[in-house]
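Asks: structure, please.
(2 chains)
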Amino acid sequence: ETGVTQSPTHLIKTRGQQVTLRCSSQSGHNTVSWYQQALGQGPQFIFQYYREEENGRGNFPPRFSGLQFPNYSSELNVNALELDDSALYLCASSPDRIRGYTFGSGTRLTVV
Amino acid sequence: DAKTTQPNSMESNEEEPVHLPCNHSTISGTDYIHWYRQLPSQGPEYVIHGLTSNVNNRMASLAIAEDRKSSTLILHRATLRDAAVYYCILRDDNAGKSTFGDGTTLTVKP
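Replies: Have a look, this model is predicted:
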């Protein structure tokens, strides 16, 4: 197992810009979820993809979008960045929709 | 959304058992109960999960109430490396949602 790898580890963007965060999951992990974690709080669910289709979404606006690819990689795209988007973004993958997630170490996004 | 409630913090002595409670009174029939823990500057680490029956693995045990409205994560012998924030979450197989609460910060004293 190679684990879950996220890139970049840190990123600084300006308000109004767009950002793409990347995640490489373990082979065979058909489910990937993205979370936003503000400092001192628990992770907040953004959305989940199963076999390349979104099958669950949290309370995040449409400017948060994602993609999952056949090679078990995925992306989180955020348009029109706001200062409140500054957070740790976590990617988590699972072999299916039931078993435990393997989390990456996250991307720390700072919006200035 | 189904929600979990955990105490903000708990303390334990090293080598003693720890029981971390979680309430999930609005759990639905398709929700699996998962536990994760998180160290500073790291992503959460999977600990254990279950649906209705109690579960054991090399890290911990999970005791699930008969009505499934609460559960308890049991660390049989706490070590200093078990100090972390522990999250109890519900994973909905149908809706594809997983809701984290604020977690319990576990402090282990030598």
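Asks: all strands for chain A, in order.
Replies: Assigned by DSSP state E, chain A shows strands spanning A:5-7, A:10-13, A:19-24, A:31-37, A:44-50, A:53-57, A:64-68, A:73-78, A:87-94, A:102-103, A:107-111.
Asks: contact partners for B:Ser98?
Replies: Residues in contact with B:Ser98, defined by CB atoms under 8 Å, 6 or more residues apart in numbering or on different chains, are A:Ser33, A:Phe45, A:Gln48, A:Tyr101, B:His34, B:Ile89, B:Leu90, B:Arg91, B:Asp92. Bear in mind the C-beta positions are built from the backbone N, C-alpha and C, glycine included.
Asks: list the contacts of stretch A:77-89.
Replies: Here stretch A:77-89 makes contact (CB under 8 Å, 6+ apart) with A:6, A:13-21, A:34-39, A:63-67, A:76, A:106-112.
Asks: just the buried residues of the residues you listed.
Replies: With burial judged by 16 or more other CB atoms under 10 Å in any protein chain shown, the buried subset of those is A:6, A:13, A:19, A:21, A:34-37, A:64-66, A:76, A:106-109, A:111.
Asks: which stretches of the chain have low pLDDT?
Replies: Assuming you mean chain A. Counting by pLDDT under 70, chain A contains low-confidence ranges at A:1-2.
Asks: please go with chain B instead
Replies: For chain B, applying pLDDT under 70 flags the ranges B:1-2, B:93-96.
Asks: hey, where'd the strands end up in it?
Replies: In chain B, the strands defined using DSSP E lie at B:9-13, B:18-23, B:31-38, B:45-50, B:55-56, B:61-64, B:70-75, B:84-92, B:97-99, B:104-109.
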